[in-house]
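Asks: Starting from these lines, generate the structure:
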Amino acid sequence: MRLLFIGDVVGRAGRTVLTEELPKLRLAWGLDCVIVNGENAAGGFGITEAICADFLNAGADCVTLGNHAFDQREALVFIARQPRLIRPVNFPRGTPGAGANLIEIGDGRRVLVINAMGRTFMDAMDDPFAAVERELAACPLGAGCDAAVVDFHAEASSEKQAFAHFVDGRVSLVVGTHTHVPTADHQILPQGSGYMTDAGMTGDYDSVIGMEKEEPVRRFTTKLPTTRFEPAAGAATLCGVAVELDGNGLAAKIAPVRIGGKLAQARPAFWEA
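Replies: Numbers count the residues shown, from 1 in each chain. Next comes the predicted model:
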């Protein structure tokens, strides 16, 4: 199975590069499954139903979220009727939507997608380790699903790494989101799970984590907010991680993806050939 995970889409610039590039990538790389983190897609804060539909129509099989999941209030309603939009599984009981779902891809195989949120330097949440453990026990890799992916939306790299070792061998890929900076530690863990501490953002990198530079700089230097944060509108880089799975649903190959914008470009050589 060929799987592509795309990091946090930020604002219009991120949406543009995603919808322009993803259809081409699905065709060129013969992708079987694409997962997109869309929690910053609507003006940098949350997602709307129309934007979610645009991502799915462009070739995403599933859209994950994070701490901004419900910044757009309409998400509280439409998430209940959109099973391919997944919010963190460790939100409190009663939160609308689901934190995990089985996504059937084109050839009939099923991918378990789980979204979880860390607790270090983040809002108080239920235990992500216990929540994900329940989902994996209910739908084990190889028995309940053909592949399993966890989007671990967290601030601290130590928490992401600890979580990755906790699920190693039981998921196909565990990938970090939230910090909007791609890390260089893509690897296959000892028990066969693909891992990357942060997939990076899909947005304009001439920015402060996707936002126009002036207001963040002003707040750091004066401690005074003056205007709203606005997403940077320059040329964006599509960032993510590419994984090829073996017959057991574990990672056989892994590589970073960076297309367009300011960052050094990166494409998986094992698919480009």
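
Asks: quick one, phi psi at the nearest residue to V208 once chain neighbours are set aside?
Replies: The shortest distance from V208 to any non-neighbouring residue, by Cβ to Cβ, 6 or more residues apart in numbering, is to P216 (3.9 Å). Quick note: C-beta positions are derived from backbone N, CA and C, even for glycine. Phi and psi for P216, reported as degrees, to the nearest 10, are phi -60, psi -40.

Asks: ok, which stretches of the stretch 51-200 of the chain are helices?
Replies: 75-78, 128-138, 157-167 (DSSP state H, counting those that start in this stretch).

Asks: Which positions within stretch 236-248 qualify as buried?
Replies: 236-245 (16 or more other Cβ atoms under 10 Å).

Asks: Just the closest of the residues you listed to R170, please.
Replies: Nearest to R170 among these is L245, at 13.6 Å by Cβ to Cβ.

Asks: Tell me if I'm right that the closest one and L3 touch.
Replies: Yes - if you go by Cβ atoms under 8 Å, L245 and L3 touch, sitting 6.4 Å apart.

Asks: Between these two, which contacts overlap?
Replies: Taking Cβ atoms under 8 Å, 6 or more residues apart in numbering as the contact rule, L245 and L3 both touch 147, 172.

Asks: sorry, back to before: for G118, find the nearest of the helices of the stretch 51-200 of the chain.
Replies: Across the helices of the stretch 51-200 of the chain, closest to G118 is helix 157-167 (Cβ to Cβ), at 4.7 Å.

Asks: what packs against the closest one?
Replies: Applying 3 or more Cβ pairs under 8 Å, 6 or more residues apart in numbering; DSSP states H and E, one finds that helix 157-167 makes contact with helix 128-138, strand 147-153, strand 173-177.
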